[in-house]
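Novice: Provided below are the primary sequence and the corresponding predicted coordinates.
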Amino acid sequence: MIRAFVVGHPIAHSRSPLIHGHWLAEHGIDGRYERIDVAPEAFPAFLAGLRANGFAGGNVTIPHKEAAFGLVESLTPRAERIGAVNTLFFDGSERLCGDNTDAPGFVAHLDQSLGLGWTERGGGTALVLGAGGAARAIVVGLLERGLSRVWVANRTPARAEALVALDPTRVEGVAWHDLPDAMARTRLLVNTTSLGMVGHPPLALDLLPLPEDAAVADIVYAPLETPLLAAARARGLPAVDGLGMLLHQAVPGFARWFRTTPGVTPALRARIVADLAPA
Ligand code: NAP
């Protein structure tokens, strides 16, 4: 039996076991995907014991993504650029490798939701709100996808500047009070802040300055329909929710551990949506 896991602290909220369990059943694979709670002080020993415990690899979530980055034996170029690891696997030489699949997960969901041509809109521009861990992965994903200009606005400007350093020729910081101007120039607005998430205030932003051919993406997925996405729909703009990123980021890990590339299907999505629905 092939075994994989998601490790975090806490971990009870994670939907990853549901996603991977769905794929294991769908493909009739003799495998198991476990939820493992490991406190930060125990994380290095947990990683060191993976091989001996028979794991093929696993996912890493809060608060271990940066620690995993520093502890693995090798990194994919993408994980190196993002500075955080969310997927662990063993390479051909049995070295523990770290990848970051949040970037391709976000982009794959945009491709599926908007069609491949979204990168051509307005010459390829995006405005990213927020500059935390998820924003870094998303900016890397947008740059990899070839966008010509990515603006980043964050409550704490210094964190936005750290993202500018990823590629100063294409990434530019924007002051929060200049958002209306930046919105008028972009064709993709992405919320990566925690605003709009259950228990957090909504993102208070008037979407009127966005051009008519702009799209709006929110990576918050609880709730699935955030006030930002509702406002985008009310303006007649395509609205891309955060669940797709969560589903797509899981694909590369499953493919590596279980040797089968799964699909992000309506059935999988419906299963997670049902789980997210308030009881
Ligand atoms: P993080 O590193 O803690 O960053 C949080 C971001 O939100 C920062 O830019 C922070 O600004 C901003 N923020 C928080 N409160 C704010 C407020 N009151 N006003 C303005 N900005 C505020 O978190 P993260 O890991 O990047 O995650 C961010 C969100 O993305 C969370 O809701 C998370 O659930 C979601 N997420 C979704 C997926 C997915 O697969 N869909 C994956 C990862 C994360 P400052 O820098 O000024 O503090």
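Specialist: That came through, no problem.
Novice: mind listing what the most centrally placed residue in the chain touches?
Specialist: Nearest residue to the geometric centre of the chain (CA atoms, centre = their mean): Asp102, 3.5 Å. Applying CB atoms under 8 Å, 6 or more residues apart in numbering, we find Asp102 in contact with Ile82, Asn86, Ala134, Ala137, Ile138, Gly141, Met245, Gln249. For glycine as for every other residue, the C-beta is placed from the backbone atoms N, C-alpha and C.
Novice: restrict the residues you listed to those near the ligand?
Specialist: Ala134, Met245, Gln249 (CB under 6 Å from any ligand atom).
Novice: Mind checking what secondary structure Gly263 has?
Specialist: coil (DSSP: H, G, I helix; E, B strand; the rest coil).
Novice: Now for it, how many residues are close by?
Specialist: Residues near Gly263, counting by other CB atoms under 10 Å, number 12.
Novice: The ligand contacts on the stretch 1-150 of the chain?
Specialist: Asp102, Gly130, Ala131, Gly132, Gly133, Ala134, Ala135.
Novice: Not counting residues beside it along the chain, what's closest to the fourth one?
Specialist: Translated: Gly132. Take Gly132 and drop its neighbours on the chain: the residue closest to it by CB to CB, 6 or more residues apart in numbering is Thr192, 6.7 Å away.
Novice: Domain-wise, how is this protein divided?
Specialist: Split into domains by automatic domain parsing, the chain comes to 2-101+250-276, 104-244.
Novice: possible to save the ones you listed as TSV with mean pLDDT?
Specialist: Listed next are these as TSV, based on pLDDT from 0 to 100:
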stretch	mean pLDDT
domain 2-101+250-276	97
domain 104-244	96
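Novice: buried ones in the helix or strand that contains Ala160?
Specialist: Assigned by DSSP states H and E, Ala160 belongs to helix 157-164. Burial within helix 157-164, assessed by neighbour count using 16 or more other CB atoms under 10 Å, is assigned to Arg159, Ala160, Leu163, Val164.
Novice: all strands for the stretch 101-250 of the chain, in order.
Specialist: In the stretch 101-250 of the chain, the segments counted as strands under DSSP state E, counting those that start in this stretch are 125-129, 149-153, 171-173, 188-191, 215-218, 239-240.
Novice: Save those strands as TSV, and put in mean neighbour count and distance to Ala52 too.
Specialist: Listed next are the strands of the stretch 101-250 of the chain as TSV, based on neighbours: other CB atoms under 10 Å; distance: least, CB to CB, whole Å:
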stretch	mean neighbour count	distance to Ala52
strand 125-129	26	41
strand 149-153	23	42
strand 171-173	19	42
strand 188-191	25	41
strand 215-218	25	41
strand 239-240	22	42
